[in-house]
Each structure stands twice: as C-alpha cells, then as structure tokens.
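Novice: model this:
(one chain, ligands or ions: 1)
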Amino acid sequence: MPARPAASRRTVLRGAALAPVAGLGLTACRGAGDDGSAPLTGPVELGPENEVAKGGAKLYRESEVVVSRSENGALKAYSSLCTHAGCPINKLEGTTLICPCHGSEFDATTGKVLREPAVAPLKALTVEVENGTMVAGRQT
Ligand code: FES
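Specialist: Numbering: from 1, shown residues only. Now for the predicted structure:
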C-alpha cells in the first residue's frame with residue numbers, strides 16, 4: 001500500500017488560503033463600494049444606440065457598463081463591476097454576465113444575481129440616447 005502523500009490537496013489549499021495576500025499585486029478585485037457602486041464619476045459615451053439589439057445586451061468593458069434592450073426597445077444600464085469584490089466583469093454570454101474572479105453571474109437585463117458568491121445586484125445606471133449615442137451615468 002502506498003504511503004500517504006506528505007501534503008494532501010486539502011492541506012495545500014488550506015495553506016494557500018492562509019497565505020498573506022498583501023503586496024502580491026492583486027489588482028483585479030479593486031473594491032466596489034458597500035452598495036456595489038461603480039467608480040463611474042460622470043456621464044460616459046458608450047456607442048451608437050443600434051449596437052444593442054432588442055432582447056440583447058452589450059458589454060462596454062472599458063467603460064465598465066453593460067446595456068440591455070428589452071423587446072419593447074427600452075434600454076437599461078448597469079455597472080459591470082462585480083458586487084462581490086469589485087472585479088470588472090469581462091464576459092457576457094447572451095444576457096448573462098460572468099465574473100472572472102470567483103464565478104458570480106448576473107442577469108444583464110435586471111442586474112440580479114444568478115449565481116453566488118455575489119449577493120447584491122449590479123448597480124443600476126442611467127442611460128440616455130443623445131444624437132444616436134448612448135450615454136450612461138450614475139443614478140441620482
Ligand atoms: Fe466577482 Fe468575486 S469579484 S465573483
């Protein structure tokens with residue numbers, strides 16, 4: 001019978017969890033506000049209104065905003081910063097946003113959490129169309 005390995009997988013994982021993380025250059029999770037608020041500081045132009053199809057959604061990674069359009073044509077916008085630990089969400093499949101850090105999923109049409117560990121919905125933003133261009137901003 002083979003000898004038991006010196007460090008089981010569980011032991012290694014436990015050790016990794018206890019390792020100090022300060023100073024390791026972890027910049028992906030940069031800390032959303034307690035309410036999941038985005039650091040969006042002012043109105044931001046996203047792109048032409050016709051980029052978002054009815055029943056679809058589009059992720060604007062650089063602006064950290066996701067916009068969806070209902071079947072009746074209404075636009076909605078949410079911050080794409082994950083409410084779990086603030087990672088910028090970089091993946092949109094259909095209308096589902098998937099966080100790269102710990103796998104939380106959100107509905108881009110409602111902002112609601114579809115999969116934990118996040119529990120708070122995405123922060124809603126305003127979205128308006130000005131001369132055919134979508135402009136997102138903080139809700140007041
Ligand atoms: Fe998105 Fe943890 S920061 S799931």
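
Novice: Tell me the pLDDT of G94.
Specialist: Listed pLDDT for G94 reads 96.

Novice: measure it to the ligand for me?
Specialist: Separation of G94 from the ligand (Cβ to the nearest ligand atom, to the nearest Å): 19 Å. (Glycine included, C-beta is placed from N, CA and C.)

Novice: now do P48
Specialist: Counting by Cβ to the nearest ligand atom - P48 and the ligand are separated by 29 Å.

Novice: cool, and R69?
Specialist: 24 Å.

Novice: tell me, how many neighbours does that residue end up with?
Specialist: Around R69 there are 23 other residues, counting by other Cβ atoms under 10 Å.

Novice: Ok, V66 next?
Specialist: By the criterion of other Cβ under 10 Å, V66 has 28 neighbours.

Novice: and it, what helix or strand is that in?
Specialist: Per DSSP states H and E, V66 falls inside strand 65-69.

Novice: That strand pairs with which strands, parallel or anti?
Specialist: Next to strand 65-69 in the sheet, as set by DSSP bridges, lie strand 57-60 (antiparallel), strand 75-79 (antiparallel).

Novice: All the strands of this structure, residue numbers only.
Specialist: 44-48, 57-60, 65-69, 75-79, 91-93, 96-98, 105-107, 113-115, 124-130, 133-138 (DSSP state E).

Novice: Can I get the ones you listed in JSON lines including distance to A85?
Specialist: As requested, these are exported to JSON lines (distance: least, Cβ to Cβ, whole Å):
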{"stretch": "strand 44-48", "distance to A85": "23"}
{"stretch": "strand 57-60", "distance to A85": "19"}
{"stretch": "strand 65-69", "distance to A85": "18"}
{"stretch": "strand 75-79", "distance to A85": "14"}
{"stretch": "strand 91-93", "distance to A85": "16"}
{"stretch": "strand 96-98", "distance to A85": "15"}
{"stretch": "strand 105-107", "distance to A85": "14"}
{"stretch": "strand 113-115", "distance to A85": "14"}
{"stretch": "strand 124-130", "distance to A85": "20"}
{"stretch": "strand 133-138", "distance to A85": "21"}
